[in-house]
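Enquirer: give me the fold of what follows.
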Amino acid sequence: MKHEVPISEKALLTVDEASEYFNIGPQRIRDLTNDDNCPYVLWIGTKRLIKRESFKEFLYSQYSI
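Expert: Numbering: from 1, shown residues only. As a prediction, this is how the structure comes out:
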């Protein structure tokens, strides 16, 4: 039996989860996280995970994206 953790409780989100959580398109999330030194992305091989709290702080500090 697989246990599902709600998106709001996850520390790391996939691009699709981040897109749903923040109501931003997945391509825009990919564009925002393409930089190699991006402080709110964690790369596991080729898998991109978004650090939820860091990304939230980044978004709250922006006027527009």
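Enquirer: now the most centrally placed residue in the chain: how far from Leu32?
Expert: By CA atoms, centre = their mean, the chain has its centre lying nearest to Ile50, at 3.0 Å. Distance from Ile50 to Leu32, counting by CB to CB, to the nearest Å: 9 Å. Where you see a C-beta, it was placed from the backbone N, CA and C, and this is true even at glycine.
Enquirer: next one: Phe55
Expert: From Phe55 across to Leu32, the span is 8 Å (CB to CB).
Enquirer: neighbour-wise, which of the two wins?
Expert: Each of Phe55 and Leu32 has its neighbours counted (other CB atoms under 10 Å); Phe55 has more, 22 against 19.
Enquirer: pretty sure that one is in a helix, no?
Expert: Yes: per DSSP: H, G, I helix; E, B strand; the rest coil, Phe55 lies within a helix segment.
Enquirer: wait, doesn't it sit right on Ile24?
Expert: No: contact criterion CB atoms under 8 Å: Phe55 and Ile24 do not qualify, at 9.6 Å.
Enquirer: list residues touching both of the two?
Expert: Counting by CB atoms under 8 Å, 6 or more residues apart in numbering, the contacts common to Phe55 and Ile24 are Ala18.
Enquirer: pLDDT score for Lys2?
Expert: Lys2 is assigned 78 on the pLDDT scale.
Enquirer: wait, a helix at it?
Expert: No: using three-state DSSP, the assignment for Lys2 is coil, not a helix.
Enquirer: which stretches of the chain form helices?
Expert: With DSSP state H as the criterion, the chain has helices at 15-22, 26-32, 52-60.
Enquirer: export these to JSON lines and tack on distance to Trp43 and mean pLDDT?
Expert: Output for the helices of the chain, formatted as JSON lines (distance: least, CB to CB, whole Å; pLDDT from 0 to 100):
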{"stretch": "helix 15-22", "distance to Trp43": "12", "mean pLDDT": "96"}
{"stretch": "helix 26-32", "distance to Trp43": "13", "mean pLDDT": "95"}
{"stretch": "helix 52-60", "distance to Trp43": "14", "mean pLDDT": "95"}
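Enquirer: shouldn't the residue nearest to the centre of the chain be in contact with Lys10?
Expert: No: look at Ile50 against Lys10 with CB under 8 Å: they stay out of range, at 9.6 Å.
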